[in-house]
Every structure is written in structure tokens, then in C-alpha cells.
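**Q** Got a sequence here, can you build the structure:
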Amino acid sequence: MKHLLASLCLLESLLHALTQCTVPASEFHLKGDYLIGGLFEVHYVSGPIYHKRPEAIECSRQPFFLSNYRRLQLMRFTVEKINNSTSLLPNVSLGYEIFDHCSDIHNFPAIFNLVSLNGLIQHRGEPHKNLSTVPKLIAVVGPFTSTDTLTVAPLFMVDLIPMVSYGSSTTVFSEKLKYPSFLRTVHPNKDIITVIVKMILNFNWRWVAFLNSADDFGTDGLEMFRNIIKDTEICLAYSKELNHDTDYAVMFKQIEAQRVSVIIVFVPEWTAEALIESAIKLNITNKVWIAGDTWSLNKMLPKKKGIKNIGTVLGVSQPVVTIPGFKDFIFSSKSQTQCENAEQQMFCNQVCNCSSLSPDDVNAIDPSFSFPVYSAVYAIAHALHNVLQCGAGRCNDNITVYPHMVLAELKKSNFTLLNRSIQFDKNGDPTFGFYTIVYWNRSGDAEEIGFSYLHTSLNFFINNSKIEWYTNGEVPTALCSSECPVGYAKQQDGVHKCCFTCEICPNGTYVNITEDPYKCVYCKETEWSTVGSTSCSLRSVEFIPFTDIGAILIMIGAWALVGLTLATSVLFAINYNTPVVRSAGGPMCFLILGCLSLCSLSVFFYFDKPTISFCILRFQPFLLFYTVCLACFVVRSFQIVCIFKIAAKFPKLHSWWMKYHGQWLVITAAFVTQALLILIGYVQGPPKPYNETVWYPDKIILCCNIDIKASSGPVILLVFLSSLCFIFSYMGKDLPKNYNEAKAITFCLLLLMLTWIIFVTAYMLYRGKYLQTFNALAVLSSLYSFLLWYFLPKCYIIIFQPHKNTQQYFQGLIQNYTKTISQ
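**A** You can find the predicted model right below:
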């Protein structure tokens, strides 16, 4: 019986021993010569938590975050690997104190535990009296989220305790005045947003939505996105902050109302899971989703039922770096049965309640941010290595290490880890690393399709052929308005520059879509364009050269006129005392012929490129000397009327006129008045070269510009003299047939008026280069009208009818006229 009882007791002891689980060392605590703090969001708070009194949250009761648990294990593995190293920190052991940092406002006991010494927080200015009061904490790894970091960072900054974050990417942490002891092994939001913008531009998308988390990380990402797209053609059609209260049905209706097909999702992993699951449930289709690095490598979502219906998922991710030995570490640490209970928890929130996890579960989860954790721990270890002056297999254990000493060495980090050079810039941001572009393929994997390097010239590439778009091969479009046809300018429609109407650019303008697609730019004065142009062409420059056939003929005509006036002058000089010459004006004829010759000089300046002197000589000589001609004919017309009609009725007026040589007074007055008017007009607005560009869009007509106001005085005087001459000559229309200069003058004036009416009509209808030829022809015609129709008949009588050029013949005409009017 005793033997039976003994056997039963022995069996009971054996069974108890077999069923007794092994209690391993805590996953959150490891003793060592120097301590590294770790803040990992192993659990996360999905919504607001309300307490009746201030108290810490029990994280193990919150939803579990497997990705961050994997990162916690990676820190443990890295510390163990460093402790086993003979080259890095030889004979020095690193310990860690890790906390489950599941909340930004309910986890302060853990933070106080890290910054305290023997349960007390020492004032920064108090000296450490002995080595037992020297803090063992030399640095902190974490936290993961930006909001958590913003909350706890000030407590570490006070004593310059280095914080090396593996996930906090908000831009504000680059400000060293606020965060002097903060460094990170993950790039700031600006870098990943820049990559996302490059992706959008690569596929020519312009109309996008941006969904961000309602925290510092998401808000900063949205702000960075808005800043970067300012100088691009990308428009933010819709933005929304996501939290636990978001009504996804309403949100997706708003996105559909905006006709948005590209959605950027810049949220933490658990928010992205809720969003995508809602999209599947609500049957949201035909979208392109761009994932941030927090969820682009998610392992669960790509295998969700219905994930293919939502469209195409692209993402920007941290490069997947294989950490040698990490998988074996997970298998070894998870291979034994673990017992976790309240007694194992050495301090608040240092328990996982995850004993049911298998090594495969941990190894298969999203590997994002693995290398940032790995490099953060190594950076601290290298900094401590330098502080302790380690070398030759040992470290100087006489050096008292303070956190600020480690910080100083961290800033100078320069070592190689897994073929990557680990360094920080002056803002504590990493100078190493790059981003990969991934695509969620039909097999449910995140396939790498491109990359974006941050510090090299070849910094962006996407292999478009690897992407299977939901549009069956074609890249989806994301435009508020379709691009305008060539030659059309955009006219913004509403607040977004991506929404526009198209208006064709008119003549003389063009649109340069690379500089400003919203504006039709006027061509230069020397250029032209047709309707709907994208550039301007040089105008052809036109003028009448001296070698032009028309110019040659007109100049020959001018020289012929000079020759004829000279010949007429010689003929009149020889027959000066004959009745024909005396009746034509006597000495006044030579003045008229001389002025006609001088006027003809203007004709030569209507050709070749106009200059200031050409423009002056083109108009002024003609105006001045033609005024003298008209004044002579006014006087001559008046004298004819006076002799035959006024002499008998007003003898005193006739005698005064003859006594004081009234005809020369009138001519002199007209000459002086015209000279003064021309001088005044020249001062107000001298003639100058002018490029006519209005009438012909493709040509520049070189001509002279005449100031209408400045030239109105001389022209009015010419018109006045012409009218006065016409009146006087018309009054003498019934004089003797063979002695009627008045009729000849009237006919010359009619030809003069007809010439300039034709020219003015042509000027109103035509402004081409031949207008200068017409003008010169009008001037020459004005001169020939008097030469041919006033002087040529008299030359004919002198040469071919000398019998009519006698005193007796003229007296007979006068006597017959006197008898006729007396009857």
C-alpha cells in the first residue's frame, strides 16, 4: 500500500512537471549596463476613452497591433545581436525597458518611469552626487506615431535624452530649436508626399482626393501635399479627415459627386483597414488608391474578398530589408510555452497577452519600418561605442555616460549597416534610404514596380507594364476638364485651376502651355500668328525700294516734270514780252514753274526705307512750295476777274492793288503763314518712321507717321487756297474763249481735287506698301495738272500759233467781249 501511494505521488509529481509551463524572461525588460527605452504601440486605442478620474489606460485590453509587436521583437533581437557582438560594445551589455504605448494621453506612467531615477525625477540642474544616481537610460527608441511623439518628446528634450523614432514623420520634428535631442530613421512626410506627387504626375492625373487621419501625422501630410502641388497642375478636389466616427457612405457619395477617380490615403494601418473594408462593403468601384508607407505592405487587405472590385491599388513603401537571423529569433522565442500573468508585468503596460501567436504569424506580417527600428538601435549602440571609446576588444569603463554625450555622437553617426551608410543631417533626419513603388497584384501580393531615390539624380522610375489597371490596360484618367486642343487657352471655371473651359487664341496671339496655359499671349510687334497658334512667326517687312518698277517710272516722271518746267521757263523767257506770257502771269509764271520743280523733289523720298529725314522731305517741301503755287493761282484768278469785272465797278480798289503790288503781298503772306504752320506742326509732332502692323497681321509696312493734329494747319491752308482759287476762277468762266486762264485754272483744280479724292479713297481701303507709290503718284499728278493744263496750251500757241500771240489779236478779243457784255 505504501509503495502504491509512493508511486502515485511520484506520478503526480511527474505529470505536474510535464504540464508546468516555462516562464521566460519578460519581452519588455532586459537588464544591462546601459538601458535603452522602447515605446511601441503593441495595442492601439481605436476611439476616445473616458475616465471619471485621471488614470493610466490598460493597453492589453485594447485592439492588438501585430505589426508593431513585430517591431518590438525586432528591437529585442537587435539588442541581443549587439550584446553577442565582439566588435560593437565589447564587454558591455545593453538592456531595454519597453512599454506598450497605446495612447498619447494615458501612458505617462511609462514615460515617467523612463525619465526617473530610483523612482524620482531629478531636476536638470542638480548634480549627480555619485555613480549610483547616474541614469542608466541613454536613449529611447520610438514612439511610432507622430501624435505620441509630440506628446512625450518634451519630457525627454528637457534632459537632452536622445529620441530615435522609427515612425514619426511629421515635419515639425526637423525643427531643432523645439526638438534638440530628436532624431529619426524614417524620412519626414515631405519626402513621401513628394514621391506620391511624382506618381500622380507620371500618370498625368490632375483631379485627386486626399484622405488623411485626424491626427498630427495626417494633418501634416495634407499640408505638405497642398504646398507641393501649388506649382503643379494637380488639383485637390476633395479632402477628408478620417477617425472612428467617419461616415464612409456619406464620404464616398461626396467623392463620387466630385467625379474623383484617384484617392490618396494617408492614414495609419488600422484606419486604412477600416476604410478599404467599407469601400468593399459599399461596392465602391473604378478607383485608383494610392497608399502611404504605413499600409502599402499590408498583408491582410490584398487578400480580402472583393478587393479587386474597388479598382487598382498602388503604394509607396519602405524598402523591404531582410534582417539576417530575425526569423530564427522569432522561432526560438516563440517555440516554448509561455505563461503570462499579472505577476509577470513588472510595470504598467508591460504585458502583451499574445501567447497564442505563432512564429509564422509574426514573420508573415507587414515588414514595414523594420530597418528603421533595426538602424535606430544600432545608431544608439554605435554612439555609445564612441562615447565609451571602445576599441581593441574592450571599452573604457571609467567614463560616466550621460544621455547628452550619446546625443552628440548620434548626430555624428557614420557607419555601414546591411550595405547602407547610416547618417543624419543637421535636422536629425536620415540621409540614407529610398522608397519603393508597389502594386497590389491579382495574386494578393504587394509587387514592387518602381523606386524613388531621394539623394541621386536618377530618382524616380515606374515600370508601367507590370500594372494591370481596372480599365483593362489603359491608364485611368483623373481630370476635372479634358485638355484643350492645340492653340486653345484654358479659362478657369471655379476655384480649381484644373476645371476650365477652352477658348481659341485669336489672331496676333498664341498660347504657350509650358509657361502659362491660361493666357493668350500677344505676339511682338515684329511677329504675327493665325487663329489657334502656339507660337508667333516673324512678319515680312515691306517697303518700296528705289529699284521697284513703279518707283522708277514715277521718278522718271518727276525728272521729266523738272525738264518740262525748265523748257517752259526758257520758252517763256524768250517770249517774255508777248501777250500770251504776259496774260499767263508774266514774272509770276517763273515762280510757279520753280515751285513745281521744287515740289517734285518730294517724290523721290517716298521710296526705300523711311528715315526721319526722308519723312520730313516727303511732306514739308510739297506743302510749302505747293502753297506758293496755289497762292499764285489765287492771285492770278483774282486779277483776271478784277481786270474784266471789278476794274470798271471798283476803280479805287483796282488802283490800290496795282499801286502796292497786291499780288506779291498775298503770295508772301501765304508763304510765311504756311512756313509758320509747318514749323509749329513740326515742333508738336514731327513726321517719323512708322511700322504699320494693324492692317496686315503677317506684314510690317514701313511708312511715315503723320500727326493729324500737327499737320492739320498746313492742310487747311491748302484747302482754303484751293477753294478760294476755285471760286475766283469759276467767276471768270464766261471770259473770252481764247483768253480765258480762269477756265484753265478751274480745270486744273478739278483735276487736283479728283486726284486727292481717289488717293483718300485708296488710303481708306488699302494700307499696303504700294500706298507710298499711290501717294507719290498723287503728288506728281497734282504737279502735272498745272503744268500740262495751264502752261502747255500757252506753249502750244507760242510755238504753233504765233498769230494768236500778238497785241492786235488780244485787243480784238477784249473789244468783242466788251461789246457782248454791254449789249
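
**Q** Can you tell me the closest non-neighbouring residue to Ser711?
**A** With C-beta to C-beta, 6 or more residues apart in numbering as the criterion, Ser711 has its nearest non-adjacent residue at 5.3 Å, and that residue is Gly681. Quick note: C-beta positions are derived from backbone N, CA and C, even for glycine.

**Q** Lys230 versus Val260, what's the distance?
**A** 19 Å (C-beta to C-beta, to the nearest Å).

**Q** So these two - more neighbours on which side?
**A** Taking neighbours as other C-beta atoms under 10 Å, Val260 and Lys230 compare with Val260 leading, 20 against 7.

**Q** for the stretch 401-550 of the chain, what spans make up the strands?
**A** Here the stretch 401-550 of the chain has its strands, by DSSP state E, counting those that start in this stretch, at 415-417, 420-422, 434-440, 446-453, 461-462, 488-492, 500-504, 509-512, 516-522, 527-528, 537-538, 540-542.

**Q** Could you say which one of those strands comes nearest to Ala249?
**A** Closest to Ala249 of the strands of the stretch 401-550 of the chain, according to C-beta to C-beta: strand 434-440, at 23.7 Å.

**Q** Keeping just the C-alphas, turn stretch 531-540 into PDB.
**A** Coordinates of the C-alpha atoms in stretch 531-540 are reproduced here as PDB (Å, rounded to 0.1, in the frame of the first residue of the first chain):
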ATOM      1  CA  VAL A 531      -6.000  81.800 -85.000                       C
ATOM      2  CA  GLY A 532      -5.200  79.000 -82.600                       C
ATOM      3  CA  SER A 533      -1.400  79.400 -82.700                       C
ATOM      4  CA  THR A 534       1.200  78.000 -80.300                       C
ATOM      5  CA  SER A 535       3.900  80.400 -81.400                       C
ATOM      6  CA  CYS A 536       4.500  83.500 -83.400                       C
ATOM      7  CA  SER A 537       6.200  83.900 -86.800                       C
ATOM      8  CA  LEU A 538       8.300  86.900 -87.900                       C
ATOM      9  CA  ARG A 539       6.400  89.300 -90.100                       C
ATOM     10  CA  SER A 540       7.700  90.100 -93.500                       C
END
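
**Q** Mind checking the pLDDT average for that stretch?
**A** Averaged across stretch 531-540, the pLDDT comes to 91.

**Q** For burial, what's the neighbour tally of Phe460?
**A** 16.

**Q** quick thing: my sequence starts at 53, can you match it?
**A** Shifting the count to begin at 53 puts that one at Phe512.

**Q** Kindly provide the distance from it to Gly496.
**A** 27 Å.

**Q** does Asn143 really touch Asn448, like I thought?
**A** No: Asn143 lies out of contact with Asn448 (C-beta atoms under 8 Å); the separation is 10.7 Å.

**Q** got JSON lines for the strands of the stretch 453-602 of the chain, with distance to Ala431 and mean neighbour count too?
**A** Formatted as JSON lines, the strands of the stretch 453-602 of the chain follow (distance: least, C-beta to C-beta, whole Å; neighbours: other C-beta atoms under 10 Å):
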{"stretch": "strand 467-469", "distance to Ala431": "8", "mean neighbour count": "14"}
{"stretch": "strand 472-474", "distance to Ala431": "6", "mean neighbour count": "16"}
{"stretch": "strand 486-492", "distance to Ala431": "18", "mean neighbour count": "23"}
{"stretch": "strand 498-505", "distance to Ala431": "21", "mean neighbour count": "18"}
{"stretch": "strand 513-514", "distance to Ala431": "29", "mean neighbour count": "15"}
{"stretch": "strand 540-544", "distance to Ala431": "49", "mean neighbour count": "18"}
{"stretch": "strand 552-556", "distance to Ala431": "50", "mean neighbour count": "15"}
{"stretch": "strand 561-564", "distance to Ala431": "50", "mean neighbour count": "20"}
{"stretch": "strand 568-574", "distance to Ala431": "48", "mean neighbour count": "16"}
{"stretch": "strand 579-580", "distance to Ala431": "61", "mean neighbour count": "20"}
{"stretch": "strand 589-590", "distance to Ala431": "62", "mean neighbour count": "13"}
{"stretch": "strand 592-594", "distance to Ala431": "71", "mean neighbour count": "13"}
